[in-house]
Each structure stands twice: as structure tokens, then as C-alpha cells.
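> with the input below, show me the fold.
(2 chains, ligands or ions: 2)
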Amino acid sequence: MVEGLSAPQSAAAGVNQTEPLLSCRGVSKYFGAMAAVKDFSFDLARGEVLGIGGPNGAGKTTVFEVISGFNPADRGTVLLEGRPIERLPSHAICHLGIARMFQSNAGFDTLSAEQNVLVAAAFGHAPRLIPPLTYGADIRRAADEALDFVGFRRARSTEVRGLPALDRKLLMIASALATKPKILMMDEPVGGLNLEEIEQLMALVRKLVAAGITIMLIEHVMRFLVQLSTRVMIMNHGEKIYEGTPAGLAQDETVTRVYLGERMSKRIVAYSAGVGPQ
Amino acid sequence: MSATRRNVLAGLVLLAIAIALPFVLPGRYLIGQLTLFFIWATVVTQWNLVFGVAGIFSLAQMAIFAFGGYATAMVGLYGGWNLWLALPVGALAAVVFSLVVGLACLRLKGPYVALLTLAIAQGMYLLIITDTACFSMEGVTCRNFTGGTRGLAKYGDFGFREWLGYKYMAFGDYYLALGVLVLATAFSMFLMFGPIGAAFQALRDSPEYATARGVSRFKFQMLVFASSAFFTGLAGGVFAGYYKVMGANTLYLSPLLFLLAMMVVGGLGRTWGPLVGAAALMLADEGLKDFPEYRFMGIGAALVLFVMLWPRGIVGAAEAIGAQLQKRRSELGGTSTRQH
Ligand SMILES: Nc1ncnc2c1ncn2[C@@H]1O[C@H](COP(=O)(O)OP(=O)(O)O)[C@@H](O)[C@H]1O
Ligand SMILES: [Mg+2]
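Numbering: from 1, shown residues only, chains lettered A, B, ... in the order given. Ligands and ions are numbered 1, 2, ... in the order given. Now for the predicted structure:
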């Protein structure tokens, strides 16, 4: 009995707190002859919000595709808590605790809002050899909590097909949450939203961070990226051209030249001043 | 919850009617037609899981049906088994066959699935009708393993004649086919209302998003092909026992189209679609039976009409009208209902 109890404790002690949660080592991805991502490496620590920026076609989404198992890397390795995952299929990666969102407003259009989240709660948390035949209380609770967490206000029986952009994004986040992820990967989450909606989503991301979820965030809207991220990477032509604090972006000449431009660089100084020291 | 209850209630009412019908129907012809209706409706409820719910455009359902029928007949003929015992064996054989079909289609999408499954069905047909090798001798004539162009016969039946006598033997087949349909319908509805059906639909709506939420495409494609094959194969076995001849005509294009039309006219992926569609097409076919030259054309016309005008089928259209009425009623009577 004592030994049975001590086992998980020693396992917990074995977790190296300084070991990165996620680690990409020398990842390359080619489409034909073009390298969409070239010898790319980074670490993600627990509790971080890692922002990724860069011009269109820089390879940001491709990095997500590689990590989430949609498009396996041609070279390099991806480690989740020290364990290589680059050969796993996407559903298995979801089971391990990496939930991704899509740049497009993905959804199960013919299902209701609630079913969209129920599916994720039923199948996304852990691998099940035998699929559940009914929605058990635990599955329903997970879906319910996720919908409450994101503040989904519409009737849960609404068919997803006709929902406006913000509701679809909230649902995508809720379904990700229902899988109980360690890492949430958001690909341009505020695309197509108005200012007020962007504020709402920023508040939600902060709430996610407070709930202990580590976040990777691709975004073009610099205010969103700068004010939310604890660290930022800028990509260009499949390579990392900047890694550091959001405030440091404005001082970086390469970033200013290839991505931000002078005007945006000045604005970033203001944005990051708005955040203040955390 | 209330939707489930309503469905169960509707099912029970229909079942009660179906149980009573043979006693009030005049003559055996209609009982025979209804038996056939139950068999086709069974196949359509299961096909709907693959085609409508999971959105996989498989045209292999009649091949699976035939596989179950042939396997049942062969187990009866060569194994000497009682046909009641051969039935589940045939159904399981159909499941294995369907799994192979599902595996073959795994990497294909949309129309390519339709092409491959049609080719599989056609291949099966050709294998049967070109089978001329002697498998066993029956007196001085030689019998082919698959029955060849003549089909398989003399593999026994369900023994209703001995049990119920000549007068009521048709009742036996009727209730057997009805029983299979009830089980098949309950099974498909149970899947559709639960997480497994939702996973099928999620993969249909957006395969990438579904896998990103932990739904394994491989697993659920295998699952939908396997689960939809059991009752299809069972229906094939019942068909074999009912007709007492199992032939390659089950693999012709016309029954396939007939059943496809049932599924589309009823409403793809809808819970009651297959039953409504099967009933509508059987009725239409019955109405056209004195004009054989228009029969096949009628099926084609129904398919075209519904695909173009009412792609959600009769059930889908009825649901839309119902929703409209409910909306209007709640707009008009919002205050009066509150007073109660
Ligand atoms: N499936 C694909 N096939 C071929 N080329 C692709 C594919 N996906 C992305 N690319 C190319 O890879 C490059 C990086 O794309 P992406 O990662 O989507 O950029 P970003 O998200 O930074 O805008 C682009 O040039 C894009 O055209
Ligand atoms: Mg992108």
C-alpha cells in the first residue's frame, strides 16, 4: 500500500521542473524544394505565452502542423516533456495534451454547439480502446465546464453552421479545453474579429493562462501579440529571426525591416509600455 | 432527452401497427411485399450510417448484403447447418468483408470511394457469374462453389412451413424480417444519438478538426464499416432464407440504385430518413408495377428530383417545415403560453 502510494510521488519527483514542456530541435519541413520551416528550434516552458509573428508564408502555421502531427517534419524532433512525439498521429498528440486551433474557423457544422464540445470531451482527453457508448456524467461535465469557461452565451443546441466568427472561435477554444490540454496552440485567433471582440478574447487568453494552460500564439495583430506574450519569436522564410521579450521587438533592426516597419515599431513601444512589468 | 423519448414513442407506435398488419391484410402478396420492405429498410438504415452519418460515399452496401446472404447459404449448403445458426455466421462474415472494404477505402476521398466500392461490387458479381469450376457433383450435374449464374439453392430455410403450416408460413418470414429491422433501427439510432455517431459526423464535417480533437480516423472508419455490416449481412441471410435462392442478381445495379434512392429520398443522415425513404420508394414502385418500363425510370427521376430540389429528403423537409411552424407559433403565442 505504501509502495503503491510512493510510486507516483517518485514519478513526480522525477519530473524535472526546468525541463521544457515542449521542445523543437532542428525541425525542417519541405514542400517540394521549398523549405517552409528550416532547422527550427525552440523551447516552451510551463506557464508561458509564446507569441509567434512574422509575414505571411513565413512558416508559422507549418510549425503548428508539425507539432500537432498533421504534417510530420522531414527532419528534427519534437519533445513533449522529454518524450519524442514527431511520429505520432494527430489524435494521439491531442491525447497527450496538445490542443490546437485552426486559422480557419473550424467547426463541426451540422452538430450543435454542445455536441461540438462533447465530441472533444468524449474522445480528446485520453486514448480509449473502446469508445464510450453514451455520454457519461464526466464527459458532460467536462463539456459544460469548457462552455462556461469561455463564456459561450448562445443556446447550446444551436447548430454551428450559421454561428458568427466570435462564437465559432469560442467553441473552438471550448472544445480544445474539453480535452484538458497542457498546451493550447492558437493560430491567428482574432482574425476577423472587431475591437470589442478582440478585447473579449484577450481576457479569455489571460483566464486560460491563470488556469495553468501553456499557450502558443500565432498572431498578426501586434497589440494582441505584444500584450499577451511573455516571449516572442518572429519568423521569416522558415527561420527564426527574433526571439526575446515583446518590448525588445521595437529595438530589433531586422524585425523592423522585414516585418514591422518603422511605424509599427513605434507603436509597439507604446503597447508594451501599456502592459507594464508583470 | 425528450427527442429520444419522442423517437422511441414513434417507433413503438409503428411497431404495434406492423405487428398487427398481417392479421388485417388481405392475401399473401402484401405480406410478401412488406417482408421485402423490412429487408430493404434494414439495409438502408445501416447504409445510412456509412453514407449519411459518416459521409463516406460507399456503394458497397449491396455487396455486403450479398456477402452475408451467400455466406449464410453456403454455411447451410456446404456445412449442413441449420439456417438459423448460419444467420449469425453470415452476418459476421459480412462484417469481415466490410472491414476489408473499409480498409481499402481508407486513403480515398469522396467520389473515389464510390468508384472503388462500385468496382468491388462489380468484381464480386463477375467472380460469381464466371464461376464454372466444379465444386461438387449433384447427381450428374456439376455444382459451382458460388452457384454461378444459376445461384445457390437447397440450402434449407427457417422451417416456418413446418412450424406454422402452409397458411401462416408467410407470417414467419414477415416477423423475422420485422424483428431484424427493429433491432437494426434501434442499433443505428443508438449509435447516432451517442458519442460514436457524433464522432462519425465530426469526421464527416471536418476530418482535420476531428482528429485534432482526438478522434482517430482509422478507428472510426473501421468502426462504421464494421457496425453497419452486421445487420446488413443479417438481412442478406434473411433474404436468402426467404427466397430460398441466392443469386448474383442482388449485385445488379438496379437494386443498388433503388436503395440509394430510398436513402436520398428519405433524407441522408436523418434518423427516420431510411424508413420513410424505403416506404416511399416501395409505395411508388408498387404504384408503377403495371408499367414495368417506367419502374426503373421512376427511381432515377426520384433520385434526380430529390438531389436537386430537396437534398435533405422528406424528413429534412418536414423538419424544416416543423421548425418554421414552431417559430411562428412561438412568435404569435408567446404571451398566451406564458399565462398558463
Ligand atoms: N500543404 C502545403 N503544400 C505546399 N506548400 C505549403 C503547404 N502549406 C504551406 N505551404 C507553404 O509553406 C509556406 C509557409 O506557409 P505557412 O506555414 O502557412 O505560413 P504562415 O502561417 O506563416 O503564413 C508558404 O510558402 C506556403 O505557401
Ligand atoms: Mg498561417
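
> could you pull out the helices for the stretch 151-300 of chain B?
With helices called from DSSP state H, counting those that start in this stretch, the stretch 151-300 of chain B shows them at B:160-193, B:195-205, B:207-212, B:217-243, B:253-266, B:273-287, B:292-309.

> over to the stretch 1-150 of chain A?
Going by DSSP H, counting those that start in this stretch, the stretch 1-150 of chain A shows helices at A:2-14, A:60-67, A:90-95, A:113-123, A:137-150.

> determine which stretch of those is the most buried.
Neighbour counts (mean count of other Cβ atoms under 10 Å in any protein chain shown) averaged over each of the helices of the stretch 1-150 of chain A peak at helix A:113-123, with a mean of 29. For the C-beta atoms, the positions are set from N, CA and C on the backbone; glycine is no exception.

> by proximity to ligand 1, which residue of the stretch 51-200 of chain B wins?
The stretch 51-200 of chain B approaches ligand 1 most closely through B:Lys109 (15.5 Å), counting by Cβ to the nearest ligand atom.

> residues contacting B:Gly55?
B:Phe200, B:Gln201, B:Leu203, B:Arg204, B:Asp205, B:Gly269 (Cβ atoms under 8 Å, 6 or more residues apart in numbering or on different chains).

> which two among those are spaced furthest apart?
B:Leu203 and B:Gly269 (12.7 Å; Cβ to Cβ).

> wait, what's in contact with the closest residue to B:Met62 other than its chain neighbours?
Distance criterion Cβ to Cβ, 6 or more residues apart in numbering or on different chains; nearest residue to B:Met62, sequence neighbours excluded, is B:Leu256 at 4.8 Å. For B:Leu256, the contacting residues are B:Leu59, B:Gln61, B:Met62, B:Ala121, by Cβ under 8 Å, 6+ apart.

> pLDDT weak spots in chain A?
A:1-17, A:274-278 (pLDDT under 70).

> so which residues on it come close to chain B?
Within chain A, the positions adjacent to chain B are A:68, A:70, A:89-92, A:94-95, A:99-100, A:102, A:106-111, A:115-116, A:118-120, A:122-125, A:127, A:131-135, A:139, A:175-176, A:179 by Cβ under 8 Å from any Cβ of the partner chain.

> can you put the helices of the stretch 151-300 of chain B in a markdown table and add distance to A:Arg153 and mean pLDDT?
Converted to a markdown table, these look like this (distance: least, Cβ to Cβ, whole Å; pLDDT from 0 to 100):
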| stretch | distance to A:Arg153 | mean pLDDT |
| --- | --- | --- |
| helix B:160-193 | 26 | 93 |
| helix B:195-205 | 23 | 97 |
| helix B:207-212 | 22 | 96 |
| helix B:217-243 | 31 | 97 |
| helix B:253-266 | 36 | 93 |
| helix B:273-287 | 33 | 91 |
| helix B:292-309 | 36 | 86 |
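
> of all those, which lies closest to A:Val258?
When the helices of the stretch 151-300 of chain B are compared (using Cβ to Cβ), the closest one is helix B:207-212, at 30.4 Å.

> quick one: B:Lys327 from chain A, how far?
13 Å (Cβ to the nearest Cβ, to the nearest Å).

> which residue packs closest to the residue in the stretch 51-200 of chain B that chain A sits nearest to, ignoring adjacent ones?
Closest contact between the stretch 51-200 of chain B and chain A, by Cβ to the nearest Cβ, is at B:Pro195 (4.2 Å). Distances taken as Cβ to Cβ, 6+ apart put A:Ala122 closest to B:Pro195, at 4.2 Å, once the chain neighbours are dropped.

> that neighbour is in contact with A:Asp138, isn't it?
No. A:Ala122 sits out of contact with A:Asp138 when judged by Cβ atoms under 8 Å, with a separation of 9.6 Å.
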